[in-house]
Each structure stands twice: as C-alpha cells, then as structure tokens.
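Trainee: whatever this is, show me its structure:
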Amino acid sequence: MSFDPQSDSMYVKIKDGKYNYSNEKDNLVLDYDKNGDLLWIEILDISKNEDALKNLIYSWKIKDEIYIN
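Mentor: The predicted structure is shown next:
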C-alpha cells in the first residue's frame, strides 16, 4: 500500500501482473490483467474520501473480491 500526497491518491497492490484495463467508479479505480484478475486498487482524492477507504477495508474483510456496481 502506498500514498501519493501530490495526487492525493492511495494505491493498494493486490498481486503482480501485467496491466490490461481499468474499471472506474466515482473515486475508485480497479486495475486488472488480461484474465480479469485484480492487480491494483487506486483511491483518488483520498483525503476527501475517507468513506471510500472505509468501504474498501470493510469489503476486504467480508469478501475475497471487490465488486463495483
């Protein structure tokens, strides 16, 4: 996990792999490989989106995967 204060973003590495595409909703960006495996989670404007971080942590505890509807 890392934080970039210049972009106010938090990055969470899930696993190694080659990036293929992203799925973005609101301030969450999920990066996937060609097989659809989740590689990275990026939370934009993290200082303004504490709820996004709380929801991410809650989802992680409850589920093995994170879904964006």
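Trainee: excluding chain neighbours, what is closest to the residue nearest the centre of the chain?
Mentor: Closest to where the C-alpha atoms of the chain average out (Cα atoms, centre = their mean) is Ile41, at 1.9 Å. Nearest residue to Ile41, sequence neighbours excluded (Cβ to Cβ, 6 or more residues apart in numbering): Val12, at 4.3 Å. Bear in mind the C-beta positions are built from the backbone N, C-alpha and C, glycine included.
Trainee: now do the SS call for the one you found.
Mentor: strand (DSSP: H, G, I helix; E, B strand; the rest coil).
Trainee: so what's the residue nearest to Ser2 when sequence neighbours are not counted up against?
Mentor: Nearest residue to Ser2, sequence neighbours excluded (Cβ to Cβ, 6+ apart): Tyr11, at 5.0 Å. Listed by Cβ atoms under 8 Å, 6 or more residues apart in numbering, the contact set of Tyr11 reads Met1, Ser2, Phe3, Asp4, Trp40, Ile41, Glu42.
Trainee: what bits of this structure have low per-residue confidence?
Mentor: Scanning the chain for pLDDT under 70 picks out the ranges 50, 52-69.
Trainee: for ChimeraX, what selects the buried ones among the contacts of Tyr11?
Mentor: This is how ChimeraX selects the buried members of those, with burial counted by 16 or more other Cβ atoms under 10 Å:
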select :40,41,42
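Trainee: can I get the contacts of Tyr11 in a markdown table with distance to Ser22?
Mentor: What follows is the contacts of Tyr11, written out as a markdown table (distance: Cβ to Cβ, whole Å):
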| residue | distance to Ser22 |
| --- | --- |
| Met1 | 18 |
| Ser2 | 17 |
| Phe3 | 19 |
| Asp4 | 17 |
| Trp40 | 9 |
| Ile41 | 10 |
| Glu42 | 8 |
